[in-house]
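[1] Generate a structure from the sequence data that follows.
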Amino acid sequence: MRNLAAGVSVVATGYGKARAGLTVTSVSSLSIDPPCLLVCIGRSSGTLAALRANQAFGVSVLAENQQSIADRFAGRGGVRGAARFAGSHWITGITGAPLAVGALSAIECTLEKMVEWHSHAIVVGQVRSVRLNEAAGPLVYWHGDYRNIEDAEEPA
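    Okay, here's the model as predicted:
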C-alpha cells in the first residue's frame, strides 16, 4: 500500500477540552445524492469514541503547508487529545465540528452509519457543509513520507 499516494486529512470532533482528532489518509467520496463520504478509523481510537458520542465530525483536507498539523494529529511528539489543536487555528462549523483554517477543503458531516470491520470502523458521514480553499496545493502521503505534488518523484 506504500505505492498508493493519498491526500492527508484530519478528522476531528467534539468541543473544548473534549475535542479529539486524528490524521487519516483513508477518506473517500461515497455518494453524490445525498453527498456522503467515508473514513476508516481504528476501533481503539479515542477519536472514534468521541465521534460516536458527538454524532458529527469535520474532515480537514490538509494543504501542503500543514504538515505540522498532520504530524501532531498522527501522534508524533506524544501530543494527545485536545492538546493536538494547539498551535494551529480552528473554527467551529455548523455541526459543532472543528475545522482547520487554511485547509484545502473543510467538510462537515453528521454520522449516518458506522460499521465495525476487523480492526477498524467504516464511518459514513452525510455532508452538511463544505468550505474550499484553492490557494495552495495538497499535502500527499506516499512511500512513508509527506510530499507535495512537486515532490512526487520516485524515492531513492
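[2] looking at this, Ala50 is in a helix?
    Yes: counting by DSSP: H, G, I helix; E, B strand; the rest coil, Ala50 is located in a helix.
[3] Burial check on the nearest residue to it once chain neighbours are set aside, number of neighbours?
    Spatial nearest neighbour of Ala50, chain neighbours left out: Ala20 (4.0 Å); criterion: C-beta to C-beta, 6 or more residues apart in numbering. Every residue, glycine included, has its C-beta placed from N, CA and C. By other C-beta atoms under 10 Å, 25 other residues sit near Ala20.
[4] For the chain, give me the ranges with low pLDDT.
    Scanning the chain for pLDDT under 70 picks out the ranges 151-156.
[5] how about the strands of it, start to end?
    Remark: strands assigned in the chain by DSSP state E are 6-7, 9-13, 20-24, 27-32, 35-42, 56-61, 90-92, 98-100, 105-117, 120-132, 140-142, 145-147.
[6] Out of these, which is the most enclosed?
    strand 9-13 (a mean of 28; mean count of other C-beta atoms under 10 Å).
[7] Dump it to CSV, keeping only the CA atoms.
    What follows is strand 9-13, C-alpha atoms only, in CSV (Å, rounded to 0.1, in the frame of the first residue of the first chain):
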residue,chain,number,x,y,z
SER,A,9,-6.7,14.8,6.2
VAL,A,10,-7.6,15.4,9.9
VAL,A,11,-10.8,14.0,11.2
ALA,A,12,-12.0,15.9,14.2
THR,A,13,-15.0,16.1,16.5
